[in-house]
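Undergrad: Provided below for reference: sequence and predicted model.
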Amino acid sequence: MNTHDHQPRRHASRRQWLARTGFGLGGLALASLFADEARAADSKARAKRVIHLFLEGGASQMDLFDPKPKLTAQDGKPIPSPDDPKNTKPAFGSPFRFAKHGQSGLEVSELLPHLAKHADDLCVVRAVHTDDPAHDSAMLVMNCGHARFARPAVGSWVGYGL
């Protein structure tokens, strides 16, 4: 007869259980991080440089890289305000022509003819959205994903990636 069969079972305290499982999960996370770093070290980066154009107060994206054909079709026509449908203001479409460039077909305004020649080397992000109409906090959301400086900015991630 085995003497261990008759010994009372010892239960771990909550603190001991959390420490044991926490270290176990931490070890799994650490192993995953090391595996990701090993995979990243094996792959060769294609980008050598990143130029992030942030033009606060510069030309509108709708005049450079983001054509809005429906808005341009409504140019000068009154549009109702979402807050007050009786208060109408004219729509302002871009007065500039757009053309597709490169194999990607990136639409670039006539304002940037030299940059348009490099369309296949550009990454244009058009999916940024915020519900905050204030430009200052919207700029923070665009650059770091939050209306406060609580997170790393896009430049930090680019530097980390390169």
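TA: All right, it came through fine.
Undergrad: can we go C-alpha only for contacts and neighbour counts from here?
TA: Noted.
Undergrad: residues touching residue 130, list them.
TA: Residues near residue 130 by CA atoms under 8 Å, 6 or more residues apart in numbering: 138, 141.
Undergrad: For it, give its distance to residue 143.
TA: Separation of residue 130 from residue 143 (CA to CA, to the nearest Å) stands at 12 Å.
Undergrad: Then residue 73?
TA: From residue 73 to residue 143 the distance is 31 Å (CA to CA).
Undergrad: Compare those two and say which is more crowded by neighbours.
TA: residue 143 (18 against 13; other CA atoms under 10 Å).
Undergrad: Just confirm residue 89 contacts residue 78, I think it does.
TA: Yes - if you go by CA atoms under 8 Å, residue 89 and residue 78 touch, sitting 5.1 Å apart.
Undergrad: Point out where the chain drops to low pLDDT.
TA: Filtered on pLDDT under 70, the chain yields the residue ranges 1-34, 36-45, 149-150, 162.
Undergrad: Could you pull out the strands in it for me?
TA: 78-80, 88-90, 98-101, 106-109 (DSSP state E).
Undergrad: Flag every buried residue along the third one.
TA: Applying a neighbour-count criterion of 16 or more other CA atoms under 10 Å, one finds 98, 101 buried in strand 98-101.
Undergrad: quick one: it to chain centroid distance?
TA: 24 Å (CA atoms, centre = their mean, to the nearest Å).
Undergrad: Show me what it is packed against.
TA: strand 106-109 (3 or more CA pairs under 8 Å, 6 or more residues apart in numbering; DSSP states H and E).
Undergrad: Remind me what the strand it packs on packs against, helices and strands.
TA: Strand 106-109 packs on helix 61-64, strand 98-101, going by 3+ CA pairs under 8 Å, 6+ apart.
Undergrad: among the ones you listed, which is nearest residue 159?
TA: When these are compared by CA to CA, helix 61-64 sits nearest residue 159, at 24.7 Å.
Undergrad: before we move on, the earlier item: deepest-packed of the strands of the chain, please.
TA: Stretch with highest mean neighbour count among the strands of the chain: strand 106-109 (a mean of 22; mean count of other CA atoms under 10 Å).
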